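*Asks:* coordinates only, no sequence provided:
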């Protein structure tokens, strides 16, 4: 008899928890501020297929204020590590998005932490990665590498399946001019942290480097950067050669490409800024058309995606005209750079 009472109590508690969980899920999923800012996508990319983006830094806080940043810089340049995203909130938002995409037969290849700021400023990053991985997808983290010297940050990044590290220079003067880091950061510590991580990390690491003409394309600086990269255990390096005014000196760029290829002839991809756009554009549009067929984008979303990828909206405007409904699968605040 006593056992029966205990079972009834346990059942009552379980039912109460299920009701609470359901109510919590509804409150989170139906909150447009959370829904439109936290889980973004899927976004078609050339490297990784369709990726679902996690914006785990909601205040647009970053450790850098790079000259080339297409987000117009951070709202706050800080090294202070905060936890801004509730793990339960993230779980329900990702679950809701994936459920919708599965019903529409839209495939996701990866889930990526690529927020408006620097993802490693989140103390909960490892926990968030593990929660998102429970949905069965591999996890990518895009980071500017500035906090990798911190042991806690290194430990958090160990939970990811793929790391995309940003390294633009090994020259401190150039680093301060181009990346404009927080004053408490040290390039020596950053580079040492990157080297230690690459030696201990068991999964894939990719390097992304932006070469900005007349800032970090000095031949000596490039040789020193390549020498450093050659000491790392990585899969591939992606260089994009550009200029702050988008007017590239082609002859200068070709000399830079030649130098890069001579120094790093394995696992190297070098693109001029215009080449980078063409390289991704055709594949991006074809994948976008497939996604649009399964679950149509609306005009606002397509304009946002065209702006994000730097392509002419006229090239994808026909997708709006062909829509019979305006269901949304891509949220606002999408911020990607040549991925």
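*Replies:* Yep, it's here. Computed from a predicted model, the values in this text were never measured in an experiment. Numbering: from 1, shown residues only.

*Asks:* all helices for the stretch 201-339 of the chain, in order.
*Replies:* Ranges of helices in the stretch 201-339 of the chain, per DSSP state H, counting those that start in this stretch, are 219-229, 250-263, 273-294, 299-309, 317-321.

*Asks:* and these, which one's lowest on average pLDDT?
*Replies:* For the helices of the stretch 201-339 of the chain, mean pLDDT drops lowest on helix 299-309, to a mean of 58.

*Asks:* now the chain, which segments are flagged as low pLDDT?
*Replies:* Scanning the chain for pLDDT under 70 picks out 1-37, 58-60, 70-85, 246, 266-288, 290-312, 316, 321-339.

*Asks:* got the angle between the longest strand along it and helix 219-229?
*Replies:* Counting by DSSP state E, the longest strand found in the chain is strand 204-212. Computed by axes from the mean of the first three to the mean of the last three C-alpha atoms, to 10 degrees, the angle separating strand 204-212 from helix 219-229 equals 170 degrees.

*Asks:* sheet partners, orientation included, of strand 204-212?
*Replies:* Sheet pairing for strand 204-212, assigned by DSSP bridges, gives strand 162-166 (parallel), strand 236-242 (parallel).

*Asks:* contacts for that strand next, please.
*Replies:* Here strand 204-212 makes contact (C-beta atoms under 8 Å, 6 or more residues apart in numbering) with 47, 66-68, 161-168, 178, 197-198, 217, 222, 225, 229, 232-244, 256. Every residue, glycine included, has its C-beta placed from N, CA and C.

*Asks:* selection in ChimeraX covering whichever of those residues are buried, please.
*Replies:* One line in ChimeraX is enough to select the buried ones among the contacts of strand 204-212; burial here means 16 or more other C-beta atoms under 10 Å:
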select :47,66,67,68,161,162,163,164,165,166,167,168,178,197,198,217,222,225,229,232,234,237,238,239,240,241,242,243,256
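
*Asks:* need the strands paired with strand 204-212 in JSON lines (columns: distance to residue 109).
*Replies:* Shown next, in JSON lines, are the strands paired with strand 204-212 (distance: least, C-beta to C-beta, whole Å):
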{"stretch": "strand 162-166", "distance to residue 109": "11"}
{"stretch": "strand 236-242", "distance to residue 109": "17"}
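
*Asks:* quick one: which of those is nearest residue 106?
*Replies:* Of all the strands paired with strand 204-212, strand 162-166 sits nearest to residue 106, with 21.2 Å by C-beta to C-beta.

*Asks:* list the contacts of the spatially closest residue to residue 63 that is not a sequence neighbour.
*Replies:* Using C-beta to C-beta, 6 or more residues apart in numbering and skipping the chain neighbours, the partner closest in space to residue 63 is residue 146 (4.2 Å). Contact partners of residue 146, counting by C-beta under 8 Å, 6+ apart, are 63, 64, 79, 118, 120, 179, 181, 182, 185, 190.

*Asks:* so residue 146 is in which element?
*Replies:* Counting by DSSP states H and E, there is no helix or strand that carries residue 146.

*Asks:* what do you get for residue 116?
*Replies:* Assigned by DSSP H and E, residue 116 belongs to no helix or strand.

*Asks:* quick check: it touching residue 57?
*Replies:* Yes: with contacts counted by C-beta atoms under 8 Å, residue 116 reaches residue 57, the gap being 6.2 Å.

*Asks:* neighbour-wise, which of the two wins?
*Replies:* residue 57 (24 against 20; other C-beta atoms under 10 Å).

*Asks:* about what we covered before: how about the contacts of residue 146, which pair is most distant?
*Replies:* 120 and 179 (15.0 Å).

*Asks:* quick one, phi psi at the residue nearest to residue 63?
*Replies:* phi -70, psi -20 (degrees, to the nearest 10).

*Asks:* where's it relative to residue 38, distance?
*Replies:* 23 Å (C-beta to C-beta, to the nearest Å).
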